[in-house]
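>>> Here's my sequence, what's the structure:
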Amino acid sequence: MRRPVTRPSSRVRSRPPSSRRRAAQRTDALAYARGVLDAEAAAILGAKGRLGASFIRALELMRACEGHIVVTGLGKPGFIAQKLSATLASTGVPSLYLHPSEALHGDLGRVSRGDVVLALSNSGSTEELVRLLPSLRRLGAQVIAITGDGDSPLARGSDVVLDVGAIPEACPLGLVPTASSAALHAVSDALAMTLLKTRQFSSEEYAALHPGGKLGRSVMRVLEVMRAGQANPVVRADAPLHEAVVVMTNTPGRPGATNVIDAAGRLVGIFTDGDLRRMVERGKTDFTMPVSAVMGHHPRCVSPEDLALTAAALMREAHVDQLPVVNAEGHPVGLIDVQDLLAARLI
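Okay, the predicted model is just below:
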C-alpha cells in the first residue's frame, strides 16, 4: 500500500512583526495622533483669528432675543448644535434644538417671531438648512450662520455670518469631519460663554438650573438644607435641662441638638446628645439645672447664605454633627445636621 504523498502547503505563513517593527508602528501611530490634535488646534486658532464685527453682531442679536435661541444643524454639525443648545439652556438662555429634516415636515411650528436661529454647517450647502431659510424669514426669525464658507447659500441667506474658514480635515482620507467640527464647536462655545459673561449670570442662578448635579451641589446654600421653622429646635438658656431634652425629642426629625438663646432671642450656645451622654458618664443627672450650665458655649455657626459645602467643611474640622444657623442679628434661624448634608450628597 502506497503512502499518500504530502505536498507542501501553498499558504505562506506570515511572520509576526519584530519588536523593532512593532515599536516603529507605535511611534508612527502616536505621531499621527499628535498630528490630528495639531490640525484641530490649528483650526481653532484659525477660527479665533477670524472673530470680529460679525461675532459682536451675532452676540447682540442673541442678547436682544425675546424668544428662543433655536439651534439647527445636520450630521456632525447637528450634534454640535445640540450641545450648543444644551449649553445655552443650562446657563439660563431659553433654547431648543431643531432638526432641519423634521422642521421641513412640521417642526417649524417650534419657531416664532422674535426667535434667533443659529444654523451650523461647515459647507454651508446642506440642502435641508438652505430650504429652511425662506420659511424662517416668513416666520420673522433672524438667522446666524456658523459655516466654513462665507459665500455659501446658507451664508447668503443669513442675517449674520460667522465664517470659520476652509479647514483641511485631520483625516487620512481628507473627508471625515474632524478639524472643521473642532472649529464649529469652539466658535459655538465662544458665543455661549461670551453671552454668559455679558449677562452676568450668577452661581445661584446656575445652581437653580442644576439641582441634581455635582455642579449644582457645589453652589448650594445652607438655607436650602437647614432645618427651619418647626424643625428648628430652640430653648431658653434659663430653661431646665429636662425641657431641652423634650425639645430635642419632640422636634420633627429629632436633630439631636437644640439651639440655646438668651432673653433677646440671640444664640448663646448649643446643647447636644453628646453633651447629655457626657453628663451621664460623669454622674450628673440633675435635670432641673438650667441648660446654660451644661451647654456648649460660643458654638461655631454659619449663616443661611453660606455655601453648604462651607458648613460641611466646618463640621469636619470641629468634629461636630450639628451647626446653628444664625442671621445677621445673631438669632438662630435654623440648625444644620450632618444627616442633612448626607441627604443632599454634600459629604
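>>> drop to CA atoms for contacts and neighbour counts, all remaining ones
Fine.
>>> which strands and helices sit next to the longest helix along the chain?
Determined from DSSP state H, the single longest helix within the chain is helix 19-50. Packed against helix 19-50 by the contact rule (3 or more C-alpha pairs under 8 Å, 6 or more residues apart in numbering; DSSP states H and E) you find helix 179-199.
>>> quick one, helices of this structure?
Under DSSP H, the chain gives helices at 19-50, 53-64, 76-90, 100-103, 127-139, 153-156, 179-199, 203-209, 214-218, 241-250, 273-281, 308-318, 338-343.
>>> could the ones you listed go into a markdown table alongside mean pLDDT?
Output for the helices of the chain, formatted as a markdown table (pLDDT from 0 to 100):
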| stretch | mean pLDDT |
| --- | --- |
| helix 19-50 | 92 |
| helix 53-64 | 96 |
| helix 76-90 | 96 |
| helix 100-103 | 94 |
| helix 127-139 | 95 |
| helix 153-156 | 96 |
| helix 179-199 | 95 |
| helix 203-209 | 69 |
| helix 214-218 | 71 |
| helix 241-250 | 93 |
| helix 273-281 | 89 |
| helix 308-318 | 91 |
| helix 338-343 | 88 |
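>>> most tightly surrounded among the ones you listed?
Across the helices of the chain, averaging neighbours per residue (mean count of other C-alpha atoms under 10 Å) puts helix 153-156 on top, at a mean of 22.
>>> Distance from the chain centre to it, please.
34 Å (C-alpha atoms, centre = their mean, to the nearest Å).
>>> Could you export that helix as CSV, CA atoms only?
Coordinates of each C-alpha in helix 153-156 appear next as CSV, following Å, rounded to 0.1, in the frame of the first residue of the first chain:
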residue,chain,number,x,y,z
PRO,A,153,-26.1,79.5,0.1
LEU,A,154,-26.5,79.4,3.8
ALA,A,155,-24.3,82.4,4.4
ARG,A,156,-26.0,84.4,1.7
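>>> Quick one: distance of stretch 238-251 to the chain centre.
43 Å.
>>> Likewise for stretch 229-243?
Counting by C-alpha atoms, centre = their mean, stretch 229-243 comes out at 41 Å from the chain centroid.
>>> buried residues in that stretch?
Ala231, Asn232, Pro233, Val234, Val235, Arg236, Ala237, Ala239, Pro240, Leu241, Glu243 (16 or more other C-alpha atoms under 10 Å).
>>> What angle do helix 179-199 and the longest helix of the chain make with each other?
40 degrees (axes from the mean of the first three to the mean of the last three C-alpha atoms, to 10 degrees).
>>> ok, and the closest non-adjacent residue to Val291?
Leu241 (4.7 Å; C-alpha to C-alpha, 6 or more residues apart in numbering).
>>> what's near enough to touch Leu74?
Leu74 is in contact with His99, Pro100, Leu120, Ser121, Thr126, counting by C-alpha atoms under 8 Å, 6 or more residues apart in numbering.
>>> In TSV: the residues you listed, plus distance to Val164.
Output for these, formatted as TSV (distance: C-alpha to C-alpha, whole Å):
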residue	distance to Val164
His99	22
Pro100	21
Leu120	11
Ser121	10
Thr126	16
